[in-house]
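In: Sharing a model that was predicted from the sequence below.
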Amino acid sequence: MAADMSSGTDLQEMVGSIPFTTRDDAKKIMKSTYNMNAVIIKKLDSYDDLNFYIKTDDNYDNQDEFVLKIFNKVLSQNTGVFEAQTELMIRLQEAGIPAPVPLKDINGKLCSLEHFKKVTEDGVTKEADYMIRLLTYIPGQMLVTAKQIPLDIFYNVGKTLAQMHNAWKDYEHPSLNRESYDWNLLSALKTREFLHLPKEEWQQNVSQSVLDRFESEVFPHHEKLNRGIIHGDFNELNVLVKQSADGSVNSEPQWNLSGVLDFGDCMFCPYIFDVGISLAYMMLTDIEDEATVCKWYLSGYESVIKLPDSEKNMIVTLIATRLVQSLLLGLQCYSINPSNTYVLSTQEKGWKALRKVWGMSVEDIQKAECPKY
């Protein structure tokens, strides 16, 4: 089956439809839709939606911290996506995996379409309808901010991903069939049209080589790979960790995985793609040896679900492909909307990681030490 090289329009549409809502809007929503008084509101980084951290002066099921999510105009038109995401989060909660869950509004709904209006500085009135959702808040720090991360964390991240796959394995929803979605790894080949965006020639050359290998070694076999619902973006920003001491004198704090975030990229896809996607972003954390981190991560995943050797042999190509996809799409998103510098978050570490990963082999991962493997 030949690779579909047609370019989708969803990326440009999504970037151009980021909500224009403000902190004041968020405060009003909390009162009118959830009957809660927001006393602290902080805007959180986001790719193409708006997220607000909310602290209230009253409780909802003994909680006073929340995340208010306002979806972009494109996603807001697809109610099926919200149905699927709600079910996926609930299934994780039932499986004991720490993930946010949606909360009902005053009308008993888990999400609602709200109308917003804004008058620009030049007097133009803008109006739009955005889907909103209130989520439970999970404390912890993003994995990317942790220093001197023990290898056990990567074992646990891999194990958690496999547990998520198991929790979702019997679930189906038509909205999760997203073959043309720009962040589907199968769509990475479409980023060839952005190969001119990196400034350095070596960046363009390595990216081309990675995409060529993905097209020749992975794409022709993707339909035969084990598949189901995947997270699609289990990255260093969507994994929360926290430190805890064991209570003994002079004990060193231990890092533990405390939360899993963001289900906006969930889709029906090969499981090994999810492993490669997640490992790509683990390469951006505070690590010393890429092959060792891969070995510990795979060990954690395989403590729950065994991977065929044929799929594990693709892992370096998959990691590199996701890095290229993220780097090139980030540059393209920035060219569309230069005010959103968050889309460049992968650039500095990403190119360095790509260079190292592309010099790594499957044999390097196999030779790496991991007592748990």
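Out: Thanks, I have the structure now. Everything numeric here is computed off the predicted structure, so don't read it as measured data.

In: could you pull out the helices for the stretch 201-350 of the chain?
Out: Assigned helices in the stretch 201-350 of the chain, in chain order: 201-213, 271-282, 290-302, 309-312, 315-336, 347-358 (criterion: DSSP state H, counting those that start in this stretch).

In: Would you mind listing the buried residues in the fifth one?
Out: Which is helix 315-336. 315-334 (16 or more other C-beta atoms under 10 Å). C-beta here means a position set from N, CA and C on the backbone, and glycine is covered the same way.

In: now the second one
Out: Within helix 271-282, the residues scored as buried using 16+ other C-beta under 10 Å are 271, 272, 273, 274, 275, 276, 277, 278, 279, 280, 281, 282.

In: Going by contacts, tell me the helices and strands next to that helix.
Out: Counting contacts by 3 or more C-beta pairs under 8 Å, 6 or more residues apart in numbering; DSSP states H and E, helix 271-282 is packed against helix 151-168, strand 227-230, helix 290-302, helix 315-336.

In: Following the record's annotation, map out the domains of this structure.
Out: 17-136, 140-367 (automatic domain parsing).

In: Those into a markdown table, with extra columns for mean pLDDT?
Out: Below are these laid out as a markdown table (pLDDT from 0 to 100):
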| stretch | mean pLDDT |
| --- | --- |
| domain 17-136 | 91 |
| domain 140-367 | 93 |
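
In: Just say which of these is most tucked in.
Out: Mean neighbour count (mean count of other C-beta atoms under 10 Å) peaks for domain 140-367 among those, with a mean of 19.

In: what's the span of that one, first residue to last?
Out: 33 Å (C-alpha to C-alpha, to the nearest Å).

In: from the middle of its chain, how far away would that domain be?
Out: 9 Å (C-alpha atoms, centre = their mean, to the nearest Å).

In: One more: stretch 124-140?
Out: 18 Å.

In: ok, and what's touching stretch 96-104?
Out: 34, 60-61, 66-67, 86, 89-90, 92-93, 110-111, 133-138, 160, 163-164, 167, 240, 257-261, 263 (C-beta atoms under 8 Å, 6 or more residues apart in numbering).

In: Repeat that for stretch 56-66.
Out: Residues contacting stretch 56-66 (C-beta under 8 Å, 6+ apart): 30, 34, 36-39, 53-55, 103, 134-137, 139.

In: Mark which of those are part of strands, please.
Out: Among the contacts of stretch 56-66, the members falling in strands are 38, 39, 53, 54, 55, 103, 134, 135, 136 (criterion: DSSP state E).

In: Kindly state the beta-bridge partners for the last one.
Out: Same thing as residue 136. With DSSP bridges as the criterion, residue 136 is bridged to residue 66.
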